[in-house]
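Asker: here is my input, please return the structure:
(one chain, ligands or ions: 2)
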Amino acid sequence: MACRKKDAHEKETTPIEQCAYVSNPYLSTMKEDILYHFDLGTRTHDLPAMFGDVKFVCVGGSPWRMKSFIQYMNEFLGLGCATAEIPDICAHTDRYSMYKVGPVLAISHGIGIPSILIMLHELIKLLCHAKCSDVVAFRIGTSGGIGVQPGTVVITKESVNPLFNPVLEQNVMGVTQSYPTTLSGYLAQEMLNCSKELDKFDTILGNTLCTTDFYEGQARLDGAFCHYTTEDKMNYLHAAHKAGVRNIEMESAAFAAICARSGLPGAVVCVTLLDRLQGDQISSSHEVLSEYQKRPQTLVGYYIKKKLNTK
Ligand code: R2B
Ligand code: URA
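Answerer: Ligands and ions are numbered 1, 2, ... in the order given. Just a heads-up that it's a prediction; the model follows:
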């Protein structure tokens with residue numbers, strides 16, 4: 001669907017309504033909300049018309065992957081859009097890409113907690129402005145495995161920080177706030193059941209370590225700098241494994257914390273590209289990696305189709 005901009009004279013004069021997903025008294029004092037990083041706004045776009053029917057939101061790091069996910073969903077759900085014509089709704093900004101077919105919205109979030117947090121604030125407000133209800137959210141992505149075969153899909157039980165605690169710590173005005181990263185256990189189990197029905201690739205439930213760096217933050221020995229030893233690295237990865245961690249990535253804590261704060265049921269579904277107990281470099285061929293990256297999409301697509309068919 002193309003962006004439906006409101007005519008310049010069509011000004012909203014009523015304050016922005018509160019809705020279940022947001023918790024900010026200041027929002028209802030605003031006459032207009034500009035979702036700057038999406039290049040969308042309440043005064044310039046008819047957000048209920050553009051997004052009011054959204055029931056499934058799927059976010060992932062790369063714009064290319066989210067485009068391929070929406071093209072896949074278009075075909076898998078038989079929605080009949082010409083795939084070449086599914087536009088990037090955020091085409092006027094290169095911060096994030098956004099695609100929609102039927103009730104499915106796909107948005108890229110870039111790498112790391114700061115990037116996904118900004119996107120999620122604007123997404124949660126977007127869902128409210130569009131008057132969406134009963135939305136389920138997914139993060140699909142890649143990760144490094146710990147003690148699992150490359151290509152295994154990990155459904156996150158708990159997203160944990162580098163001390164293996166299920167919290168996102170964020171500094172707000174000089175004070176460290178601690179937000180729980182509890183995800184819906186029910187949804188995770190439903191996803192696991194779907195993977196059993198699909199029976200196409202190994203899928204497990206496990207804890208996910210969320211870091212703020214790919215190299216030293218994930219105990220790699222191949223960054224530009226390294227002040228620790230192979231033994232330190234292996235001790236840390238084994239301690240993570242003992243704490244139930246089966247994969248490492250860089251956004252799940254922010255995703256889980258925002259889901260918990262907004263009340264959105266959410267699941268994190270990431271494929272492992274390598275086993276970190278065996279090495280640090282991602283050396284599989286492009287063909288292999290690209291097949292792996294389709295796995296979370298396949299699983300989430302299966303869940304969405306099943307939900308739509310049982311309505
Ligand atoms: C997984 O892969 C990316 C780093 O290569 C990061 O976005 C993540 O979470
Ligand atoms: N993404 C990560 O964050 N870590 C990996 O090892 C692989 C993908």
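
Asker: C-alpha from now on. contacts and neighbour counts both.
Answerer: Noted.

Asker: what about Met250, distance to ligand 1?
Answerer: 4 Å (Cα to the nearest ligand atom, to the nearest Å).

Asker: return the residues in contact with that residue.
Answerer: The neighbours of Met250, taking Cα atoms under 8 Å, 6 or more residues apart in numbering as the test, are Ile111, Gly112, Ile113, Leu209, Cys210, Thr211, Thr212, Asp213, Phe214.

Asker: try 6 Å this time
Answerer: Applying Cα atoms under 6 Å, 6 or more residues apart in numbering to Met250 gives the contacts Gly112, Cys210, Thr211.

Asker: out of the residues you listed, which are buried?
Answerer: Buried by 16 or more other Cα atoms under 10 Å: Gly112, Cys210, Thr211, out of the contacts of Met250.

Asker: contacting ligand 1 as well, which ones from those residues?
Answerer: Gly112 (Cα under 6 Å from any ligand atom).

Asker: among the buried ones among the contacts of Met250, which ones are in helices?
Answerer: Using DSSP state H, no member of the buried ones among the contacts of Met250 falls within helices.

Asker: can you list the buried ones among the contacts of Met250 in JSON lines and add distance to Leu35 and pLDDT?
Answerer: Output for the buried ones among the contacts of Met250, formatted as JSON lines (distance: Cα to Cα, whole Å; pLDDT from 0 to 100):
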{"residue": "Gly112", "distance to Leu35": "20", "pLDDT": "98"}
{"residue": "Cys210", "distance to Leu35": "27", "pLDDT": "98"}
{"residue": "Thr211", "distance to Leu35": "27", "pLDDT": "98"}
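
Asker: identify, from the buried ones among the contacts of Met250, the entry nearest to ligand 1.
Answerer: Proximity of the buried ones among the contacts of Met250 to ligand 1 was ranked by Cα to the nearest ligand atom; the top entry is Gly112 with 5.7 Å.

Asker: tell me which residues touch the closest one, please.
Answerer: Contacts for Gly112 (Cα under 6 Å, 6+ apart) come out as Met250, Glu251.

Asker: quick one: terminal-to-terminal distance for stretch 32-40?
Answerer: 11 Å (Cα to Cα, to the nearest Å).

Asker: what helix or strand is Met66 on?
Answerer: In this assignment (DSSP states H and E), Met66 forms part of helix 63-76.

Asker: give me the contact status of that helix with ligand 1.
Answerer: No: Helix 63-76 is not in contact with ligand 1 by Cα under 6 Å from any ligand atom; minimum separation 11.6 Å.

Asker: hmm, who's touching that helix?
Answerer: Thr83, Ser97, Ala106, Ser108.

Asker: output the below-cut-off pLDDT ranges for the chain.
Answerer: 1-18 (pLDDT under 70).

Asker: quick check: residues of it near ligand 1?
Answerer: Gly61, Ile111, Gly112, Thr142, Ser143, Glu249, Met250, Glu251.

Asker: could I get the phi/psi values of the fifth one?
Answerer: Its backbone dihedrals place Ser143 at phi -160, psi 170, with angles given as degrees, to the nearest 10.

Asker: that one is in contact with Thr272, isn't it?
Answerer: Yes: at 4.7 Å, Ser143 and Thr272 qualify as touching, with contact defined as Cα atoms under 6 Å.

Asker: follow-up on the earlier one: show me which residues of the helix holding Met66 are buried.
Answerer: Pro63, Arg65, Met66, Lys67, Ser68, Phe69, Ile70, Gln71, Tyr72, Met73, Asn74.

Asker: domain ranges for this protein?
Answerer: 1-134, 141-311 (automatic domain parsing).

Asker: could those domains go into TSV alongside distance to ligand 2?
Answerer: Output for the domains of the chain, formatted as TSV (distance: least, Cα to the nearest ligand atom, whole Å):
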stretch	distance to ligand 2
domain 1-134	9
domain 141-311	3
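
Asker: quick one: Met173 and Pro25, what's the gap?
Answerer: 19 Å.

Asker: just give me the neighbour total for Val57.
Answerer: 19 (other Cα atoms under 10 Å).

Asker: residues contacting it?
Answerer: Here Val57 is in contact with Val104, Leu105, Ala106, Ala137 (Cα under 6 Å, 6+ apart).

Asker: can you do 7 Å?
Answerer: Val57 sits next to Val104, Leu105, Ala106, Val136, Ala137, Phe138 when contact means Cα atoms under 7 Å, 6 or more residues apart in numbering.

Asker: is it located within a strand, as I assumed?
Answerer: Yes: per DSSP: H, G, I helix; E, B strand; the rest coil, Val57 lies within a strand segment.

Asker: tell me the spacing between it and ligand 1.
Answerer: For Val57, the distance to ligand 1 - Cα to the nearest ligand atom - is 18 Å.

Asker: so what pairs up with that residue in the strands?
Answerer: Beta bridges link Val57 to Leu105, Ala137 when assigned by DSSP bridges.
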